[in-house]
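[1] sequence below, structure please.
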Amino acid sequence: MKQLLLIGILLISSCTQLMENKNNRTLTTFTEKEILTQLDLAFDGEISQYYPAGRPQDIKYNFFLDLEHGYFLTAGSKIHLFSDSTRWAIVFEKSGYQNRSFSADIELDYIGNCINYPVDEYQERNYITNATNITLIDRSEFERIRNKQGSEMETFELIDPTIKEVKVRDTIIPFDNNYKNYEKMGIKVRAHENTKQLIGYGDLVRYLNETNSSIISATQEDIRKYIPKDLPWLMTINKFHFESVYDKGNPPHRQEIYQLLAKILVTRNTKNWQPTQKANNHWTNWESGNL
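    All right, here's what the predicted structure looks like:
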């Protein structure tokens, strides 16, 4: 009888452990520490061991999410998480206007152990990176909608008030030229040499982020271009606490957000997204595109 009781207890214990493993999904070949180490490397611009070896003359870049870039007027930002028992990937997404480059873009930064790193190939050397850009509004479209009347500054990165539509990727959408509607969203049109209160290129992208965010968001096809197609998607985080990438004394492994991301990737349990810090990744909280 005692033997039967003991066997029963062991079976119950074993089943309970299996259920816990199934519910928490903790059986992975990677660790939270490894993920945080990879985030630290990207934060510092150092190259990961997962990069292809390449040739001695090849140049490699390892980028990290930056909401304060002086030449990129930030509009939207998100974080996408993917993992299974052996593979993991974090995809940082940022949309906005590249001031002085006359291009509105999505920037995707990839960090993980299964990234198919983008490579620009040239005869002299290759450029290997963890980032890719997707054009939302190209130079020719900005030239089409550019204000061509007035002083040099009045024709610089300002939109013609008679424009009714604008092409974003391959979609034609209505253009709102009423600056008051932009101000309601916290978007202040340029004051200097802009007596007609024309809408700026960056203003437009931020307005779309507030009113039609899907039009300037990456698709699943976009996001999955450099990660395995069968890698399970866990979640997309639209609101999160961000800290400046220019504070090098505060690397990712010390920050709550990245500790949480690592835990979610290892456990594959999105219920572990329980941040205690207030979300602040909205563009109104960060100065960008100011150079």
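
[2] residues touching residue 166, list them.
    Counting by Cβ atoms under 8 Å, 6 or more residues apart in numbering, residue 166 touches 137, 141, 145, 172-173, 175, 204. The way it works is simple: take the backbone N, C-alpha and C, and place the C-beta from them, glycine included.

[3] my bad, should have said residue 189
    Counting by Cβ under 8 Å, 6+ apart, residue 189 has contacts 179, 182-183, 197-200, 203.

[4] mind checking which of those are in strands?
    Within the contacts of residue 189, no residue falls in strands by DSSP state E.

[5] tell me how far the ends of stretch 93-102 are from each other?
    20 Å (Cα to Cα, to the nearest Å).

[6] still on that earlier bit, which among the contacts of residue 189 end up buried?
    179, 182, 197-200, 203 (16 or more other Cβ atoms under 10 Å).

[7] what's around residue 77, how many residues?
    Using other Cβ atoms under 10 Å, residue 77 has 24 neighbouring residues.

[8] closest one of the contacts of residue 166 to residue 231?
    Closest to residue 231 out of the contacts of residue 166 is residue 137 (30.1 Å), distances taken as Cβ to Cβ.

[9] that closest one: neighbour count?
    Count around residue 137 with other Cβ under 10 Å applied: 22.

[10] OK, contacts around it?
    Counting by Cβ under 8 Å, 6+ apart, residue 137 has contacts 103-104, 166-168, 201, 204-205.

[11] of the buried ones among the contacts of residue 189, closest to residue 77?
    residue 203 (17.6 Å).

[12] residues near the nearest residue to that closest one once chain neighbours are set aside, how many?
    Using Cβ to Cβ, 6 or more residues apart in numbering and skipping the chain neighbours, the partner closest in space to residue 203 is residue 187 (5.2 Å). Counted with other Cβ under 10 Å, residues neighbouring residue 187 total 22.

[13] residues contacting residue 187?
    203, 206-207, 210.

[14] make a markdown table from the residues you listed and add pLDDT to it.
    Formatted as a markdown table, the contacts of residue 187 follow (pLDDT from 0 to 100):
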| residue | pLDDT |
| --- | --- |
| 203 | 99 |
| 206 | 99 |
| 207 | 99 |
| 210 | 98 |
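
[15] how much space separates residue 274 from residue 260?
    Going from residue 274 to residue 260 by Cβ to Cβ, to the nearest Å gives 7 Å.

[16] give me the more crowded residue out of the two.
    Neighbour count, other Cβ under 10 Å: between residue 274 and residue 260, residue 260 has more, with 20 against 8.

[17] mind checking the SS state of the more buried one?
    helix (DSSP: H, G, I helix; E, B strand; the rest coil).

[18] roughly how far does it sit from residue 237?
    Separation of residue 260 from residue 237 (Cβ to Cβ) stands at 9 Å.
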